[in-house]
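Visitor: What shape does this take:
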Amino acid sequence: MFLLNSCKPAGQGSGGGSTLAGDAAQKVYVAPGTHDEFYDFVSGGFNGQMSVVGLPSGRVLRIIPVFTQHAESGWGYSEETKPMLNTSHGFVPWDDAHHTTLSVTNGEHDGRWAFINGNNTPRIARISLKSFRTEEIIELPNSGGNHSSPFVTFNSEYAVAGTRFSVPPDNFGDVPINTFKQNFKGYISFVSIDKTTGNLALKFQLTTPAISYDLARGGKGPSKDWIFFSSYNTEQANTLLEVNASQKDKDFILAVNWKKAEEYLAKGKGKKVPAKYAHNVYSDVTHSATSTIMTDVMTLDPKDCPDMLYFIPCPKSPHGCDVDPTGQYIIGSGKLAAVIPVFSFAKLQKAIADKKFDGSFEGIPVMDYNAVLHGEVQKPGLGPLHTEFDGKGNAYTSMFVSSEIVKWNIEKLTVLDRVPTYYSVGHLSIPGGPTTKPWGKYVIAYNKITKDRYLPTGPELTQSAQLYDITGEKMKLLLDFPTIGEPHYAEAIPASMIKDKTIKLYKIEENKHPYVAKGEKETKVTRNGKDVHVYMTSSRSHFAPDNIEGVKLGDDVYFHVTNLEQDWDVPHGFAVRGANNAEILVMPGETQTLKWKADRIGITPFYCTDFCSALHQEMQGYIRVSAPNSNVPLTWHTGKTAMKEADDKSQK
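Guide: The predicted structure follows:
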């Protein structure tokens, strides 16, 4: 019998009671002036961003803007970053970001890039771990929801994404909803990753039966040419899924031989179909983004590509689908099951060779359950969701219903330990847990409900993460801390792999922005019809120019601000009264642009928003807006106080 933990486990008060390690404070304390051991890259859920958290302290170090406009930095507001949020639907300034993935080489974290999914408007983003900035976002066509995403292959050849909501193909969309089985499809996208630059490209899509894909993992070692997806709604229901998609005892894990898919592409089996999607790229040279609308995608139909896809039966409504560090075992997690099935990759290969099939599903072979099963973990807990690994032969599975983490041995299938979580845990994260080289040491639980854990904040409470020590035989709770947004998943990596490689500034001489001013002598203001361009510089502690006249009512004024600083951690902000977007935050050596509409006659101040020096408060200026028929000349200057000192040359 396992101990069922309710919302507040028996014998536990709001402080956590006996589950808290006696030396917890010492183990999570990071002294002033010292650094955390790990970076933890955490999904923001409905926040649409990624947060960077230090472990073991639990301190939030940065919010990385990805799919959602971020007024703090001007992401999605500045003219340079607006294209990053372009889609085939136009400008979409929000998304639901669920899963983070870090790039790997030979199955081990390499510290180059992080990837994250946009679930609502299907997208994948790539973040540089040198600049901690989103460098690329690619939209996924033919997808109704991008939940099973983005999961990388063994050498980061691909970031792979499965559709959550099967939909008709984009170019064949107007069909009755009740023709789901006939006209809907579940697409799986393979986005290639350039091994040197990280640049993304939608290489191909697999056209699969109309089911829902939940999570996935790439294979390792012997299974490195495969990727495995959990799926549900094999009933192919299109209404009231909580009932109609839970009728069967088993759903599927889809095993995809992606190397075989590449072979079929090389043989010409692919079919190019119309598809409209955006591909957005940010450049650290021009400090600007470009958005390109793509118009087609290569597809592979399993009917034309035998031996590429196989279904493995799995207890119904699985959430997690995880591959252990050796690549030998695939763990399924049926949310409504009382067991955890563990499948053997070696047995899968033998069963395929021996054709141990239990029929087919829309032409795709269904494996015999027992022929591929290593075994089942009996009575692990209620509501198994997601499994991580410590590299010592042990697995850790989150139990959503019974609010606990369960530790078990992969080979022997025996439960070793369990600890309560507070409350309703979703994903888990072990540093390096999804790789061939888990760093172990901690497991972090990402919980959906906090109730009495923190000070109340009205109807909505923060969600939480809890840090457990896993260095001994028993798990020990060390810390819980609030999170940003609704975290779903996170991946952690040793800080030593990244911290000395981060960009500290952009060299001003390498700035290729079309409106850069590389020194105060290059500042100017120009007019092109109703567009006014201000080539502005910022340095401690003034703008140049800081007095601008000759702007007229109705003009669009583009403030192109170049930060002349060449010192680490000295950004400058820029804001102007009445701007209907946000501020911009300009990094050392960078140029960013804020567009402002001159909507009323008069004097409007602008100022630096980021504290930069003892005279930060004095870092301000004025822009004068006159009537449309005014003859006020276009002038600009810094430091001149009398009208008679105006530079005649500047007025021409």
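Visitor: Relative to G74, how far out is V586?
Guide: Here V586 is placed at a distance of 8 Å from G74 (CB to CB, to the nearest Å). For glycine as for every other residue, the C-beta is placed from the backbone atoms N, C-alpha and C.
Visitor: between these two, which one's more packed in?
Guide: More crowded of V586 and G74, by other CB atoms under 10 Å: V586, with 31 against 27.
Visitor: Pull the contacting residues for that one.
Guide: S538, V561, T562, N563, P571, H572, G573, F574, Q592 (CB atoms under 8 Å, 6 or more residues apart in numbering).
Visitor: Which residues are in contact with each of V586 and G74?
Guide: Q592.
Visitor: so what's T414 scoring on pLDDT?
Guide: Reported pLDDT at T414 in the predicted model: 98.
Visitor: Look up the closest residue to it, ignoring the ones flanking it.
Guide: W408 (6.3 Å; CB to CB, 6 or more residues apart in numbering).
Visitor: Please identify the helix or strand for the one you found.
Guide: In this structure, W408 sits in strand 404-409 according to DSSP states H and E.
Visitor: Parallel or antiparallel, which strands does that strand pair with?
Guide: Strand 404-409 sits in its sheet next to strand 394-399 (antiparallel), strand 415-420 (antiparallel), going by DSSP bridges.
Visitor: among the ones you listed, which is the most enclosed?
Guide: For those, the largest average neighbour count (mean count of other CB atoms under 10 Å) is found in strand 394-399, namely a mean of 26.
Visitor: so I331 touches V342, yeah?
Guide: Yes - assessed by CB atoms under 8 Å, I331 is found in contact with V342 at 5.5 Å.
Visitor: Who has more neighbours out of these two?
Guide: I331 (30 against 23).
Visitor: Which residues does the more buried one form beta bridges with?
Guide: Bridge pairing for I331 - DSSP bridges - gives D322, V342.
Visitor: center of this protein - which residue?
Guide: I116 (2.4 Å; CA atoms, centre = their mean).
Visitor: What strand or helix carries that residue?
Guide: Going by DSSP H and E, I116 is in strand 108-118.
Visitor: now for that strand, which elements pack on it?
Guide: strand 100-105, strand 123-128, strand 148-152, strand 490-494 (3 or more CB pairs under 8 Å, 6 or more residues apart in numbering; DSSP states H and E).
Visitor: For H637, find the nearest of these.
Guide: strand 123-128 (38.5 Å; CB to CB).
Visitor: Rounded mean pLDDT for that closest one, please.
Guide: The model assigns strand 123-128 a mean pLDDT of 98.
Visitor: What strands flank it, and is each parallel or antiparallel?
Guide: Here, using DSSP bridges, strand 123-128 pairs with strand 108-118 (antiparallel), strand 133-139 (antiparallel).
Visitor: Let me see the contact set for L85.
Guide: F67, Q69, G76, F91, V92, P93, I137, N280.
Visitor: List phi and psi for it.
Guide: Here is the backbone geometry of L85 (degrees, to the nearest 10): phi -110, psi 20.
Visitor: Pull up the per-residue confidence for it.
Guide: Note for L85: predicted pLDDT of 98.
Visitor: For it, give its distance to F574.
Guide: Taking CB to CB, one finds L85 at 20 Å from F574.
Visitor: can you pull the buried residues of the strand holding W408?
Guide: E404, I405, V406, K407, W408 (16 or more other CB atoms under 10 Å).
Visitor: how far does that strand sit from the chain's center?
Guide: 27 Å (CA atoms, centre = their mean, to the nearest Å).
Visitor: do the same with stretch 465-478
Guide: 26 Å.
Visitor: hmm, which helix or strand of this protein has the shakiest average pLDDT?
Guide: helix 648-651 (a mean of 44; mean pLDDT, DSSP states H and E).
Visitor: returning to that earlier point: mind exporting the strand holding I116 as PDB, just the C-alpha atoms?
Guide: This file holds the C-alpha atoms of strand 108-118, laid out as PDB (Å, rounded to 0.1, in the frame of the first residue of the first chain):
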ATOM      1  CA  GLU A 108      24.900  16.000 -23.000                       C
ATOM      2  CA  HIS A 109      24.100  19.600 -22.300                       C
ATOM      3  CA  ASP A 110      26.500  21.900 -24.200                       C
ATOM      4  CA  GLY A 111      25.500  25.300 -23.000                       C
ATOM      5  CA  ARG A 112      24.800  26.900 -26.400                       C
ATOM      6  CA  TRP A 113      21.000  27.400 -26.700                       C
ATOM      7  CA  ALA A 114      17.700  27.100 -25.000                       C
ATOM      8  CA  PHE A 115      14.500  26.300 -26.800                       C
ATOM      9  CA  ILE A 116      10.900  26.900 -25.700                       C
ATOM     10  CA  ASN A 117       7.500  26.300 -27.300                       C
ATOM     11  CA  GLY A 118       4.600  28.600 -28.000                       C
END
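Visitor: re the thing from before, adding distance to T436 and mean neighbour count, write the helices and strands packed on strand 108-118 out as CSV.
Guide: Shown next, in CSV, are the helices and strands packed on strand 108-118 (distance: least, CB to CB, whole Å; neighbours: other CB atoms under 10 Å):
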stretch, distance to T436, mean neighbour count
strand 100-105, 8, 22
strand 123-128, 22, 25
strand 148-152, 13, 27
strand 490-494, 14, 24
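Visitor: Nearest approach to I508 belongs to which of these?
Guide: Comparing those under CB to CB, the one sitting nearest is strand 123-128, at 19.9 Å.
Visitor: relative to strand 148-152, how tilted is that closest one?
Guide: 40 degrees (axes from the mean of the first three to the mean of the last three CA atoms, to 10 degrees).
Visitor: which residues make contact with strand 123-128 from outside it?
Guide: 50, 64, 66-67, 87, 95, 112-118, 133-140, 146, 149-150, 159, 161, 191, 193, 198, 200.
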